[in-house]
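**Q** Take this sequence and fold it.
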Amino acid sequence: MEAKAKARYVRVAPRKVRIVIDMIRNKDLDEALSILRYTPRGAADPVAKLVNSAAANAEFNHEMNRGSLYIDQAYVDEGPTMKRVQPRARGRRNLILKRTSHITVIVKERKGV
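**A** As a prediction, this is how the structure comes out:
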């Protein structure tokens, strides 16, 4: 059995979120949360909220034991990109891309714990 949580349209570039997600994949729940707590990246906060949400879904919706949960799958998909324009010299413009992410975390229960 597995529990899932998704965060869509998060205003952090997917490339930056993938660095944080790679640190917690296949880790126990408590270990993943402690890694996220002390990670000095902006993407660590929304990922930590998402891991807590997935754990709560597992605990209350599927009656899983919180102590035996681990991050089975965690991945980031690219969301829509907002385009902004910055004026440049001689009437030109510079395009600024504000990227968004769709983050998914799936937790499962370890057997024999």
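**Q** what residues are up against the closest residue to L69 other than its chain neighbours?
**A** Sequence neighbours aside, L29 is the residue nearest to L69 in space, at 4.3 Å (criterion: C-beta to C-beta, 6 or more residues apart in numbering). Where you see a C-beta, it was placed from the backbone N, CA and C, and this is true even at glycine. Residues in contact with L29 (C-beta atoms under 8 Å, 6 or more residues apart in numbering) are 51, 55, 66, 69-71, 107.
**Q** Can you lay out those residues as CSV showing pLDDT and secondary structure?
**A** Formatted as CSV, those follow (pLDDT from 0 to 100; DSSP: H, G, I helix; E, B strand; the rest coil):
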residue, pLDDT, secondary structure
V51, 97, helix
A55, 96, helix
R66, 93, helix
L69, 96, strand
Y70, 96, strand
I71, 97, strand
V107, 97, strand
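**Q** most neighbours, which of these?
**A** V107 (27 neighbours; other C-beta atoms under 10 Å).
**Q** Please enumerate the helices of this structure.
**A** 14-24, 29-37, 44-61 (DSSP state H).
**Q** Contacts only, for P46.
**A** By C-beta under 8 Å, 6+ apart, P46 lies in contact with 7, 10, 12, 17, 103.
**Q** Against T39, how distant is it?
**A** 12 Å (C-beta to C-beta, to the nearest Å).
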